[in-house]
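[1] What follows is a predicted protein model with its sequence.
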Amino acid sequence: MNVGSLIDKITSHHGRVTILTGAGVSTPSGIPDFRSPSGIYSRYDPEELFGLDNFLSNPSYFYKFAVENIFTMKDAKPNVVHYMIEKLESLKLVNGVITQNIDMLHKKAGSLNVAQIHGSIEKGHCIKCLREYSLDEMYSRSIISPDKVARCDCGGVIKPDIIFFGELLPESEVDKAYRMIDDSTLMIAMGTSLAVYPAASFPQITLKKGGELVIVNREPTPLDRWASLIFREDLEKISNEIISLL
């Protein structure tokens, strides 16, 4: 499908456009996804890895994984997809981005209005005294600890500010997301399977109030039948084409 049709669709909504992103946006930056056949969940049990009760009872299991797969996000660089989204925002063609990703890459790319509904790896807090720690501090404390768990000076375990199973989503970020949706007549879902709630419900809210949905994803999604446009092409390719036409 011609990318020009996507730009025409975006401009026709006069800035009332929200972008929803998932793991597919960040895989070109070297960050593994979770749900693909070769993703993280093909090698780890998701409940054991991200279950809150499991983290509280056995944090070393999570931290062993985090040192190899999550804390490495601190060195990741935004890719052309992130920069394309930032460009759309700077041109006031979109009102912001809602992301399911915890990697901070939208903000690194310069996007200003970002709702991180699954939290972010940028910071963490001691579960005992609530002291805040940076990503670098969590990493350094975990690798020098005898049990490889990042611990606070008070002895409490430091939990990254990402959402585990059994936790509520961050209220401030969800509120920010709903404000974007309320002000939108078009949602563009990029690099997301639209299978994880509540993120999968966001396009449905837009549709129920008479708005439109565009899906840019390599694989089919449960909401394809309601999309005005669907692009199955590589996200980097599409993003480069969009930038060249702006």
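    That came through fine.
[2] would you list every one of the strands in this structure?
    For the chain, the strands defined by DSSP state E occupy 17-21, 96-99, 114-116, 119-126, 132-134, 158-162, 186-190, 212-216, 229-231.
[3] Listing request: residues of the chain with sub-threshold pLDDT.
    Low-confidence segments of the chain (pLDDT under 70): 1, 34-39, 41-42.
[4] Okay, domains of it per the record?
    As assigned by automatic domain parsing, the chain contains the domains 1-31+77-118+168-246, 32-75+120-162.
[5] Could you say which of those domains is packed most deeply?
    Per residue and on average, the most neighbours among the domains of the chain fall to domain 1-31+77-118+168-246, with a mean of 19 (mean count of other CB atoms under 10 Å). Heads up, the C-betas are built off the backbone N, CA and C, glycines and all.
[6] so how far is that one from its chain's centroid?
    What separates the centre of domain 1-31+77-118+168-246 from the centre of its chain is 10 Å, taken as CA atoms, centre = their mean, to the nearest Å.
[7] hmm, back to that, nearest to Glu173, of the strands of the chain?
    Among the strands of the chain, the nearest to Glu173 by CB to CB is strand 114-116 (4.9 Å).
[8] so what strands line up beside that closest one?
    Take DSSP bridges as the rule and strand 114-116 pairs in its sheet with strand 96-99 (parallel).
[9] The closest residue to Met73 other than its chain neighbours and Lys123, how far apart?
    In space, Met73 comes closest to Asp103 once its chain neighbours are excluded; the distance is 4.6 Å by CB to CB, 6 or more residues apart in numbering. From Asp103 over to Lys123 the distance is 13 Å, taken as CB to CB, to the nearest Å.
[10] who's in contact with Thr27?
    33, 191 (CB atoms under 8 Å, 6 or more residues apart in numbering).
[11] Convert the C-alpha atoms of stretch 175-184 to CSV, please.
    Taking Å, rounded to 0.1, in the frame of the first residue of the first chain, the C-alpha atoms of stretch 175-184 are listed here in CSV:
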residue,chain,number,x,y,z
ASP,A,175,-4.5,9.2,32.6
LYS,A,176,-2.1,10.8,30.1
ALA,A,177,-3.0,8.1,27.6
TYR,A,178,-6.7,8.6,28.0
ARG,A,179,-6.3,12.4,27.5
MET,A,180,-4.6,11.7,24.2
ILE,A,181,-7.3,9.3,23.1
ASP,A,182,-10.0,11.8,24.1
ASP,A,183,-8.4,14.4,21.9
SER,A,184,-8.0,12.0,18.9
